[in-house]
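J.: Fold the following.
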Amino acid sequence: MTLEPLVDIQDLAFHYPDGRQALAGVSLRVYPGEKVAVVGPNGAGKSTLFLHLNGTLRPRGGGNGNGRVRVAGLEIDDRTLRAVRSRVGMVFQDPDDQLFSPTVFEDVAFGPLHMDLPEDEVRRRVARALAAVGMEGHQQQVPHHLSLGERKRVTLATVLAMDPTFLVLDEPSAGLDPRARRSLIDLLRHLPQTMLVASHDMRLVWDLCPRTVILDAGRLVADGPTTELLQDAELMERHGLECP
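T.: Numbers count the residues shown, from 1 in each chain. Reported below is the predicted structural model:
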């Protein structure tokens, strides 16, 4: 039996209202269980690609793009948007963009509460998500009193509490000291969810993601084993990247 892709992007093109072409015919399939890195210079289109994966941007939204994006077998449109977003967990670079409640518990409980789950199930999900990221015992702490590494873990817990099948992470190691960075890589490596990870941290890419795709100027220019692509000095230099 042929394995169906969890994410299936076909000929995705998108330009912003000012005319800037952000994506130009990107096709990408990600299969269940994969951890795939997306690398490229600033302005390559990584963020625009990610915003299509939870429907924030649409291939045919406002006449700014075309192509197809399917997640878990669902083509993203108004009818499927809620179902897709329940499957896709987005983790942004800056945890302060996602943490806004007085306590860690309230931040992690926010998503499950808005799914109209019973209180005991919400509490189970919060406890399970915090345990998964090593933040048990921090439920009543003020998020903004935590270290950056701890806030990143809590942000990840807010997403895990929704039981997503697919995680999208934007620069997860940005700003972390070496110890916190190593700890985060180990945490992500052991999570079961399929992942798409944008990063300029080539050591994280090397350690976490067996597969890498390179975006440049809105085009997917390479897709292959991380150990091969990241050791191709000419390829990396051509696209503004450094070998780890």
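J.: Tell me where the protein has helices.
T.: Along the chain, counting by DSSP state H, helices occupy 46-52, 81-87, 104-113, 119-132, 148-160, 178-190, 202-208, 226-229, 233-238.
J.: Format those helices as TSV; extra columns: mean neighbour count, mean pLDDT and distance to Q21.
T.: (Each C-beta comes from the backbone N, C-alpha and C, glycine too.) Converted to TSV, the helices of the chain look like this (neighbours: other CB atoms under 10 Å; pLDDT from 0 to 100; distance: least, CB to CB, whole Å):
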stretch	mean neighbour count	mean pLDDT	distance to Q21
helix 46-52	21	93	10
helix 81-87	16	90	25
helix 104-113	22	96	34
helix 119-132	17	96	38
helix 148-160	23	96	30
helix 178-190	15	94	32
helix 202-208	20	96	26
helix 226-229	16	97	24
helix 233-238	13	96	20
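J.: Residues touching stretch 40-48, excluding its own?
T.: For stretch 40-48, contacts defined as CB atoms under 8 Å, 6 or more residues apart in numbering pick out 14, 22-23, 26, 38-39, 57, 170, 198, 214-219, 239-241.
J.: scratch that, stretch 168-184 is what I was asking about
T.: Contacts with stretch 168-184, where a contact means CB under 8 Å, 6+ apart, come from 46-47, 50, 53-54, 88-93, 134, 147-149, 152-153, 185, 188, 195-201, 204.
J.: Stretch 129-147 now?
T.: Under the criterion CB under 8 Å, 6+ apart, residues 95-96, 99, 101-105, 107-108, 126-127, 150-151, 153-154, 156-158, 160-161, 180, 183, 187, 191 lie in contact with stretch 129-147.
J.: about what we covered before: distance to F166 for the helices of the chain - can I get that in CSV?
T.: Below are the helices of the chain laid out as CSV (distance: least, CB to CB, whole Å):
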stretch, distance to F166
helix 46-52, 11
helix 81-87, 6
helix 104-113, 15
helix 119-132, 16
helix 148-160, 10
helix 178-190, 14
helix 202-208, 16
helix 226-229, 19
helix 233-238, 27
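J.: so which of the ones you listed gets nearest R70?
T.: Nearest of those to R70, taken as CB to CB: helix 81-87 at 9.1 Å.
J.: what comes into contact with that closest one?
T.: By CB under 8 Å, 6+ apart, the residues outside helix 81-87 that reach it are 54-55, 71-72, 74, 76, 115, 162-166.
J.: Only the buried subset of these, as a ChimeraX command please.
T.: Selection of buried members from these for ChimeraX, criterion 16 or more other CB atoms under 10 Å:
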select :54,55,71,72,76,162,163,164,166
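J.: Just the ones of the contacts of helix 81-87 in strands?
T.: Those of those mapping onto strands are 71, 74, 166, per DSSP state E.
J.: Next, format those residues as CSV and append pLDDT and distance to N64.
T.: Listed next are the ones in strands among the contacts of helix 81-87 as CSV, based on pLDDT from 0 to 100; distance: CB to CB, whole Å:
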residue, pLDDT, distance to N64
V71, 94, 20
L74, 92, 21
F166, 95, 24
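J.: Please identify which of the residues you listed is nearest to D232.
T.: Taking CB to CB as the measure, D232 lies nearest F166 of the ones in strands among the contacts of helix 81-87, at 28.0 Å.
J.: Could I get the contacting residues of the closest one?
T.: With contact set as CB under 8 Å, 6+ apart, F166 has these partners: 6-7, 30, 53, 71-72, 87-89, 193-196.
J.: beta partners of it?
T.: Bridge pairing for F166 (DSSP bridges) gives the partners V88, T194.
J.: With G43 as the reference, measure out to it.
T.: 25 Å (CB to CB, to the nearest Å).
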